[in-house]
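[1] Quick one: sequence plus predicted model below, questions after.
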Amino acid sequence: MVLIGAHVSPADLINEAHKRDAQIVQIFLGNPQSWSAPTFSFPGGAEVMKQALIDANIGVYVHSPYLVNIPTTNSKVRIPSRKMLQQTVDAAALIGARGVIVHGGHVPKEDEPEAGFANWKKAVDQLDMKVPVLIENTAGGERAMARKLEAIAKLWDAVGHTDVGFCLDTCHAWAGGLELPDVVQKIRAITGRIDLVHANDSKDAFNSSRDRHANLGMGEIALDELVECIKAANAPVITETPGEVEEQAADIALLKKRLG
């Protein structure tokens, strides 16, 4: 049975999970738009959070801050990105997380993507991977490391010697120009794995390069096509859809019904 859940606030993640009937959750550990070190807003801190998750039988994933850009040639961003990724992995290990999700990132328009793939290799070779790190595909950018299949293949040439995993975001795939009916098959042929799915509809057209999530069945992706893609991945599913409890609970209920 596929585990299904949602991105929730870490301060009250057990109650937030129960309200949505979520079996797993995804959280940020701190401000996703900040370089500040991870924090634990859950009452009692990391140790109490870990035990609460165990008692509730709820799995947790940690999403790294949005500022993290591992492949960039800009050292003022790349160096703190490596530091932040390690700090996030360390913090995630303290709460028994199932993995840390990090965007594939990009290089500046004046630089060649090959430099970015090399930077990814350096980063993973230095990383103390206390919990699995899952690289997520992205929606836009001509010099993105994980948008097009050709780039993902080059990325995996750089990181595939480690146990780095892959997170498939359906909105990002659609907006990035990847056809959903066979994207799982094609990505698995490159990476050998899909460890997590971010199940999101898209507010924008195919290959728009725009990362704007919609509730399932309320966006531009045909619902049957979206569901079949998620089913083919056969991995835990996290929704990152708009709205509050009611809307996100509806997305989870829809997936539970359609995925069986």
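    Looks like it arrived, so ask away. Residues are numbered from 1 along each chain as shown.
[2] contacts and neighbour counts: CA atoms only from here.
    Noted.
[3] Let's verify the most centrally placed residue in the chain: helix, strand, or coil?
    Central residue of the chain (Cα atoms, centre = their mean): residue 101, 4.4 Å from the mean position. State at residue 101, reduced to three classes by DSSP: H, G, I helix; E, B strand; the rest coil: strand.
[4] for it, what are its contacts?
    Contacts for residue 101 were tallied using Cα atoms under 8 Å, 6 or more residues apart in numbering; they are 61, 62, 63, 64, 133, 134, 135, 136, 167.
[5] of these, closest to residue 40?
    Closest approach between these and residue 40, by Cα to Cα: residue 62, at 11.7 Å.
[6] need the contact list for that closest one.
    Contacts of residue 62 (Cα under 8 Å, 6+ apart): 26, 27, 28, 29, 88, 92, 97, 99, 100, 101.
[7] can you tell me the helix or strand for it?
    Secondary structure assignment for residue 62, by DSSP states H and E: strand 59-63.
[8] I'd like the average pLDDT over that strand.
    What strand 59-63 shows for mean pLDDT is 98.
[9] Could I have the CA atoms of that strand written out in CSV?
    The C-alpha coordinates for strand 59-63 follow below in CSV (Å, rounded to 0.1, in the frame of the first residue of the first chain):
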residue,chain,number,x,y,z
GLY,A,59,6.7,9.0,8.5
VAL,A,60,8.4,12.4,7.9
TYR,A,61,10.4,13.9,5.0
VAL,A,62,12.4,17.1,5.3
HIS,A,63,12.5,19.6,2.4
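[10] for that strand, the distance to its chain's centre please.
    9 Å (Cα atoms, centre = their mean, to the nearest Å).
[11] all helices for the stretch 51-200 of the chain, in order.
    Along the stretch 51-200 of the chain, counting by DSSP state H, counting those that start in this stretch, helices occupy 75-94, 113-126, 149-159, 170-175, 180-191.
[12] can you pull the buried residues of the longest one?
    Which is helix 75-94. Across helix 75-94, burial judged by 16 or more other Cα atoms under 10 Å covers 77-94.
[13] Against which helices or strands is it packed?
    Packing partners of helix 75-94 (3 or more Cα pairs under 8 Å, 6 or more residues apart in numbering; DSSP states H and E): helix 45-56, strand 59-63, strand 99-103.
[14] thinking again about what came up before, pLDDT value on the residue nearest to the centre of the chain, please?
    Per-residue confidence (pLDDT) for residue 101: 98.
[15] can you check the one 4 residues further on too?
    Note for residue 105: predicted pLDDT of 98.
[16] Next one: it relative to residue 208, how far apart?
    With distances taken as Cα to Cα, to the nearest Å, residue 105 is found 18 Å from residue 208.
[17] higher neighbour count, those two?
    Ranked by neighbour count (other Cα atoms under 10 Å), residue 105 and residue 208 place residue 105 first, with 25 against 16.
[18] My read is that the more buried one contacts residue 142, right?
    No. Contact criterion Cα atoms under 8 Å: residue 105 and residue 142 do not qualify, at 11.0 Å.
[19] excluding its backbone neighbours, what's nearest residue 94?
    residue 46 (6.1 Å; Cα to Cα, 6 or more residues apart in numbering).
[20] Let me fix that, I meant to ask about residue 132.
    Excluding its sequence neighbours, the residue lying closest to residue 132 (Cα to Cα, 6+ apart) is residue 99, at 4.7 Å.
[21] surely the one you found meets residue 64?
    No. Counting by Cα under 8 Å, residue 99 sits too far from residue 64 to count as a contact (10.3 Å).
[22] quick one: which of these two has more around it?
    Shown here are residue 99 and residue 64; by other Cα under 10 Å, residue 64 has more neighbours (28 against 24).
[23] ok, and the closest non-adjacent residue to the more buried one?
    Distances taken as Cα to Cα, 6+ apart place residue 102 nearest to residue 64, at 5.4 Å, with adjacent residues excluded.
[24] give me the number of residues near that neighbour?
    Neighbour tally, residue 102, other Cα under 10 Å: 24.
[25] Find me the pLDDT at residue 260, would you?
    Looking at residue 260, its pLDDT reads 78.
[26] distance of it from residue 4?
    Counting by Cα to Cα, the gap between residue 260 and residue 4 amounts to 11 Å.
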